[in-house]
Every structure is written in C-alpha cells, then in structure tokens.
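**Student:** Below are the sequence and a predicted model for it; my questions follow.
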Amino acid sequence: MGRRGKSVIEDLLTVVARAPWPVAVVLAVVSFMVLNQVARVEPVQAVSTADISQSPNIDFASTDDQARRMYFVRSARRISSS
C-alpha cells in the first residue's frame, strides 16, 4: 500500500534522485542560473501609504462599501471551497 499524502515536491525529488548523475549536475546548474536571476530582482519600495493601497492582493483598500463586501464574499468562497 502506498503512502498517503505524497506531495508533488516529493514526487519530483524522487524522479530527480533516480536520474543519472549528469542530469542532476545539469539541473543544479540550471537551477542556480534561474534562482540567481530571481535573487537579483529589486524589491518594490513603497514611497507613501498610497503606494501600499495599490497592491493587487488588497481588495478592501478603498473606502467603498461595495469593495469591502466583495472582499468578504471572496473570502467566504475561498473558505467554503477548501
């Protein structure tokens, strides 16, 4: 009987571990190059509080009641679907 709850990352690591060593070396070099580029990206600096309210993750930033209601409706949908 197989293990329950095996994640995608565990599956990926299992496949990479069974690959020949040259494949692992190539994956290591490619991973280094990609992660190095990601690490060089400058973070966005907020100059004022108005910049923070423009964040795409904040649906309730405006004072509009309808926007607040939509935030709570979306949150309730996320909670009920999980």
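**Tutor:** Received it, and whenever you're ready, just let me know what you need.
**Student:** What is the helix or strand Ser31 falls within packed up against?
**Tutor:** Here Ser31, judged by DSSP states H and E, is contained in helix 21-39. Applying 3 or more C-beta pairs under 8 Å, 6 or more residues apart in numbering; DSSP states H and E, one finds that helix 21-39 contacts helix 8-18. Any C-beta I mention is one placed from the backbone N, CA and C, and that applies to glycine too.
**Student:** quick one: the helix it packs on to helix 21-39, angle?
**Tutor:** Calculated by axes from the mean of the first three to the mean of the last three C-alpha atoms, to 10 degrees, helix 8-18 forms an angle of 140 degrees with helix 21-39.
**Student:** what comes into contact with helix 8-18?
**Tutor:** Residues outside helix 8-18 that contact it (C-beta atoms under 8 Å, 6 or more residues apart in numbering) are Val23, Ala24, Leu27.
**Student:** I'd like these laid out as TSV, including neighbour count and distance to Asn36.
**Tutor:** Listed next are the contacts of helix 8-18 as TSV, based on neighbours: other C-beta atoms under 10 Å; distance: C-beta to C-beta, whole Å:
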residue	neighbour count	distance to Asn36
Val23	12	20
Ala24	12	18
Leu27	12	15
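**Student:** can you list the domains in the protein?
**Tutor:** Domain segmentation of the chain under automatic domain parsing yields 8-39, 53-81.
**Student:** average pLDDT for the shortest one?
**Tutor:** Across domain 53-81, the average pLDDT comes to 61.
**Student:** same check, this time on the longest one
**Tutor:** The average pLDDT within domain 8-39 is 91.
**Student:** Distance across it, terminal residue to terminal residue?
**Tutor:** 24 Å (C-alpha to C-alpha, to the nearest Å).
**Student:** Just the buried positions in it, please.
**Tutor:** Going by neighbour count (16 or more other C-beta atoms under 10 Å), nothing in domain 8-39 comes out as buried.
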